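Chemist: Structure here, sequence nowhere to be found:
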Ligand SMILES: Cc1ncc(COP(=O)(O)O)c(C=O)c1O
């Protein structure tokens, strides 16, 4: 239950479509790990996770242990991998909840061993740094020592090995190929192949489906967004955007020529103008830089005027509209659409950042209208639903 006229709609059928499409696109033996970190890129962690698992994913990935614990608390039983760093003192917590951890440092492993009291098995994925320069082992000797330490300790199990690409979403594949070759060489350092070997984010999975070993980490494209504008024209199947953002006009007034709008009084009406007040602002993630961008009202683009406030913004309306008229900030109204990419381009950033920034204060409403069979059959038939 919520009591405000601003909300985000998350179309779970779109999530299902995107994962099911990837499932039929990838080789059968390649598994899918749905990346639901950061509250599923702002979409809603458990709802997205559940939908992705129904659509053909078998694993989940998050950035931090807390995100994994939250999923367990919400009843998610699938294998979960923490992609980021975890404190060594939390290994027992991870073991108890059957959450796999990323390991990339020998000292960390030694400390984790000291903290491991439960006698429960701890699952590890070894992260190799092939050129991202973030987390990961680079040296052969350290890699070998880490694997030897894991193998020597009966409760530790090396379940996976992986790397992450820095430029998989760029047209030029030189650096991608360099990282890929480096990963192949690093795999030779291991005395055996762990159960899971992975390197594919969305861009890699969609562009190089035969280079992803046996599981992919599918994030941005699951939400219906292209990993970059550059590769958008070359995606192998249609992605459906899952996230839309809406509000309602709560006040409408007529301004006379010369009258001002919002903090700083930076906007001046040039003629008689209808102005609507919309209850969404920068505390909701609709940041001040979006001043002069537009929203949709009655299927028409109308500009945001004056400074965006913490909780409200003002729009210039072509004519009077009644209180309660729907305002769409991301999404479709009639024939007009505002895409996540358009918002991202206006803000000079990437689409990933936009739904992540829409704050906790905006309630998410989950739409799951179509039956699973209807969407699955449509995907199998190659139809767009
Ligand atoms: C290690 C790792 N793997 C996979 C992903 C998913 O990437 P994408 O959202 O581009 O699919 C991310 C996202 O940032 C990541 O950090």
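Modeler: Alright, I've got the coordinates. Note that this is a predicted model, so its numbers are computed, not measured.

Chemist: Give me the phi and psi for whichever residue of the stretch 201-350 of the chain sits closest to the ligand.
Modeler: Residue of the stretch 201-350 of the chain nearest the ligand, by C-beta to the nearest ligand atom: residue 219 (2.3 Å). All C-beta spots, glycine's among them, are computed from the backbone N, C-alpha and C. Dihedral angles of residue 219 (phi, psi; degrees, to the nearest 10) stand at phi -110, psi -90.

Chemist: Just the element for residue 21, please.
Modeler: When elements are defined using DSSP states H and E, residue 21 is found to belong to helix 12-25.

Chemist: does the ligand sit close to that helix?
Modeler: No - if you take C-beta under 6 Å from any ligand atom as the test, helix 12-25 misses the ligand, and the best it gets is 10.5 Å.

Chemist: let's number from 8 now, not from 1
Modeler: Taking 8 as the first residue, the last one we looked at is helix 19-32.

Chemist: Which elements pack onto that helix?
Modeler: Counting contacts by 3 or more C-beta pairs under 8 Å, 6 or more residues apart in numbering; DSSP states H and E, helix 19-32 packs against strand 38-42, helix 52-62, helix 209-214, strand 222-225, strand 371-374, helix 379-387.

Chemist: neighbouring contacts of the helix or strand that comes right after the first one?
Modeler: Along the chain past strand 38-42, the next helix or strand (assigned with DSSP H and E) turns out to be helix 44-48. Contacts with helix 44-48, where a contact means C-beta atoms under 8 Å, 6 or more residues apart in numbering, come from 42, 52, 54-56, 68-71, 74, 90, 226-227, 230, 359, 362-363.

Chemist: repeat that with 6 Å
Modeler: Identification of contacts with helix 44-48 by C-beta atoms under 6 Å, 6 or more residues apart in numbering yields 52, 55, 69, 70, 74, 230, 362, 363.

Chemist: Kindly report the same for stretch 309-323.
Modeler: For stretch 309-323, contacts defined as C-beta under 6 Å, 6+ apart pick out 268-271, 273-274, 280, 282-286, 288-290, 295, 298, 300-302, 324.

Chemist: Stretch 31-39 too?
Modeler: Contacts of stretch 31-39 (C-beta under 6 Å, 6+ apart): 64, 65, 216, 221, 222, 223, 225, 243.

Chemist: what's the residue nearest to the third one when sequence neighbours are not counted sitting at in phi/psi?
Modeler: Closest residue to residue 216 apart from its sequence neighbours, by C-beta to C-beta, 6 or more residues apart in numbering: residue 33 at 5.3 Å. Reported as degrees, to the nearest 10, the phi and psi values for residue 33 are phi -80, psi 160.

Chemist: Please tell me how far residue 33 sits from the ligand.
Modeler: Counting by C-beta to the nearest ligand atom, to the nearest Å, the separation of residue 33 from the ligand is 14 Å.

Chemist: In the stretch 208-357 of the chain, where is pLDDT below threshold?
Modeler: By pLDDT under 70, the stretch 208-357 of the chain contains no weakly predicted segment.

Chemist: how about the helices in it?
Modeler: Listed in chain order, the helices of the stretch 208-357 of the chain (DSSP state H, counting those that start in this stretch) span 209-214, 347-353.

Chemist: Of those helices, which stretch is the most buried?
Modeler: helix 209-214 (a mean of 24; mean count of other C-beta atoms under 10 Å).

Chemist: So what touches that helix?
Modeler: With C-beta under 6 Å, 6+ apart, helix 209-214 has contacts from 172, 175, 176, 219, 223, 225, 226, 227, 228, 234, 242, 243.

Chemist: go on, stretch 143-159?
Modeler: For stretch 143-159, contacts defined as C-beta under 6 Å, 6+ apart pick out 111, 113, 116, 134, 135, 136, 163, 165, 196.

Chemist: Can you tell me the centre-most residue of the protein?
Modeler: residue 48 (3.1 Å; C-alpha atoms, centre = their mean).

Chemist: Tell me the residues of the stretch 8-157 of the chain that contact the ligand?
Modeler: Counting by C-beta under 6 Å from any ligand atom, the residues of the stretch 8-157 of the chain near the ligand are 42, 90.

Chemist: rerun that using 8 Å as the cut-off
Modeler: Those residues of the stretch 8-157 of the chain that sit near the ligand, judged by C-beta under 8 Å from any ligand atom, are 42, 44, 48, 68, 70, 90, 134, 142.

Chemist: Which of those residues has the largest number of neighbours?
Modeler: residue 42 (28 neighbours; other C-beta atoms under 10 Å).

Chemist: thought that one was touching residue 222?
Modeler: No - here residue 42 lies out of contact with residue 222, judged by C-beta atoms under 6 Å, at a distance of 11.6 Å.

Chemist: Could you single out the nearest of the contacts of stretch 143-159 to the ligand?
Modeler: Nearest to the ligand among the contacts of stretch 143-159 is residue 134, at 8.0 Å by C-beta to the nearest ligand atom.

Chemist: Show me what that closest one bridges to in the sheet.
Modeler: For residue 134, the beta-bridge partners are residue 169 (DSSP bridges).

Chemist: And it, how close does it get to residue 63?
Modeler: Residue 134 is 25 Å from residue 63, where distance means C-beta to C-beta, to the nearest Å.
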